[in-house]
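Kindly generate the corresponding structure for this input.
(one chain, ligands or ions: 2)
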Amino acid sequence: MSRLIVISNRVAVPKKGASANQGGLAVALQSALREHGGLWFGWSGETCETFDGTIHRAEGDGVNTATIDLEEQDIDEYYNGFANRTLWPLFHYRIDLTEFERDFEGGYQRVNDRFADTVMPLVEEPDLVWVHDYHLIPLGQKLRRRGMRNRIGFFLHTPWPPTRLLTALPSHRKLVDSLFAYDVVGFHTEDWLDSFQHYVTSMMGGTVDGDIVSAGGRTIRAIVAPIGIDTAEFEAAARSDEANFARDRMYMSATGRSLMVGVDRLDYSKGLRERFLGYDRFLASHPDRRGLTSFLQIAPPSREKVDTYQEIRADLDALSGRINGEYADIDWTPIRYVNRGYPREELAGIYRAAHIALVTPLRDGMNLVAKEYVAAQDPNDPGVLVLSVFAGAAAQMREAVLVNPYSAEEMADAIVTALAMPREERIRRWQALIDGVRREDVFWWCRLFLDTLEDASE
Ligand code: ADP
Ligand code: F6P
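Residues are numbered from 1 along each chain as shown. Ligands and ions are numbered 1, 2, ... in the order given. Now for the predicted structure:
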């Protein structure tokens, strides 16, 4: 079996017994790395005065990691710049928030060169190389230019934007051209794949034949592979003592009230503002329900050096304050808004206690919270998932209450529907959802992608 080299911006350095506290992607990649042997390579999260290519190696729980430090300027231009001020908003259809600076692109290319230079000597002839996400789109091409002949795959964890949006990026053609250095390119949904194929045929004169996409004399396979979670692990986490304790804390904090929960990185793509406004509309139009629901929004800060993230944080502080000021009573707070992260077991307990999960991004590549919420439910008395039609997860999770998050009225109606849903219907919908979440879990996703990559001709 070929060794596997995983390359991503962030690397989860494994610690013994800590897998339950890591995200599903980290768990899946670690399990694939244990199966294949190999290495996980990426940024250490640390800065250095002058980049010198020093590699920090670590080994834990059968997984080897190799990380590099980056210069302050690299992080500003690559991570806070091109990745999170240019590509992230553009790929999430927020052209109004997208910044176009040549320095950002320069830093992005420079850091991708640094990744290529340092990882190149670590890769051996038959290794499979798997590059992840929008931070590293040009990496495959840079590796090819350095003579790498291995099979190299790329997976995009965000949406792929429609052609007319993408062409607002001055270097759009260069970016897409670089994807043709890979053997396999993966997306979470048919929608994102369709948009990619549309760009190739309309802008590059390329062709599409099933999975095979050709342009400029190069052929790749472009596939849909929706990521899942480690469902068995999450179901077990939801039954742990820590989960029971968190669930009971939730119940006690809101006796007799219907609990609603939202769990998201504090990101404008997650539709938090629109969610708050939907809840506001629900309270405004159903005075009889005030005091009977309690909404907990957990949103740990993210990418705090980027202005748009500072702005959304200030905006949500003000909006939650305004809604609470308007509707709160001496013994009731309509929104509990918490800016911190929780261990996975506690999170599972919080999900289990919630009668409704509001997962309402304006645009999301997949959204794993939706799947975690389903996995955490009590089979005899499951809660209701309210899910945005604009989350990649909506393509698989059709039995959720699907909602357009831009419409405060639809959001308010969805809350009413979820609150009133009879137990039999909740069980029926949940059963269909959990069947999918179990069947198409993160290990299934990993195998689907790696089998395609292994089959790809060199
Ligand atoms: P994204 O990758 O854009 O952040 P996803 O929904 O796909 O969105 O994944 C988010 C992951 O982060 C999930 O596994 C979720 O459990 C985790 N997460 C989000 N908020 C918190 C929090 N407050 N505490 C702990 N984990 C969190
Ligand atoms: O899922 C998209 C993603 O950007 C991942 O690549 C990333 O690890 C995660 O969200 C969290 O973002 P960040 O690494 O910027 O904190």
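
which parts of the stretch 201-350 of the chain sit against ligand 1?
V263, D264, R265, I298, P300, G341, Y342, L347 (Cβ under 6 Å from any ligand atom). For every residue, glycine as well, the C-beta is placed using N, CA and C.

And the helices in the stretch 251-400 of the chain, which stretches?
Per DSSP state H, counting those that start in this stretch, the stretch 251-400 of the chain carries helices over the ranges 272-285, 307-327, 344-353, 369-375.

how about the shortest one as PDB, C-alpha atoms only?
The C-alpha atoms that make up helix 369-375 are tabulated as PDB, following Å, rounded to 0.1, in the frame of the first residue of the first chain:
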ATOM      1  CA  VAL A 369     -22.300  20.800  12.900                       C
ATOM      2  CA  ALA A 370     -25.500  19.600  11.100                       C
ATOM      3  CA  LYS A 371     -24.200  16.000  11.100                       C
ATOM      4  CA  GLU A 372     -22.900  16.200  14.700                       C
ATOM      5  CA  TYR A 373     -26.300  17.400  15.900                       C
ATOM      6  CA  VAL A 374     -28.000  14.400  14.300                       C
ATOM      7  CA  ALA A 375     -25.400  12.000  15.700                       C
END
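
starting at the chain centroid, how far to it?
13 Å (Cα atoms, centre = their mean, to the nearest Å).

So for it, mean pLDDT?
Across helix 369-375, pLDDT averages out at 97.

Output the contacting helices and strands for it.
helix 231-237, strand 258-263, helix 344-353, strand 356-359, strand 384-388, helix 423-439 (3 or more Cβ pairs under 8 Å, 6 or more residues apart in numbering; DSSP states H and E).

Out of these, the one nearest ligand 2 is which?
The closest of the helices and strands packed on helix 369-375 to ligand 2 is strand 258-263. By Cβ to the nearest ligand atom, the value is 13.6 Å.

Can you list the neighbours in contact with that closest one?
250-251, 272, 275, 279, 292-299, 347, 350-351, 353-360, 369, 372-373, 415, 419 (Cβ atoms under 8 Å, 6 or more residues apart in numbering).

what about the closest residue to S240 other than its chain neighbours, how many residues close to it?
In space, and not counting its chain neighbours, S240 is closest to E345: 4.7 Å by Cβ to Cβ, 6 or more residues apart in numbering. Residues near E345, counting by other Cβ atoms under 10 Å, number 22.

Could you do the one 3 residues further on as well?
A348 has 29 neighbouring residues, counting by other Cβ under 10 Å.

Not counting sequence-adjacent ones, nearest residue to it?
A238 is the one closest to A348 (Cβ to Cβ, 6+ apart), at 3.9 Å.

got a pLDDT number for the residue of the chain positioned farthest from its centre?
Residue farthest from the centre of the chain, counting by Cα atoms, centre = their mean, is I330 at 38.0 Å. As predicted, I330 sits at a pLDDT of 95.

The one 10 residues further on now?
With respect to pLDDT, R340 scores 94.

Please report how far it lies from Y309.
16 Å (Cβ to Cβ, to the nearest Å).

All set now, cheers.
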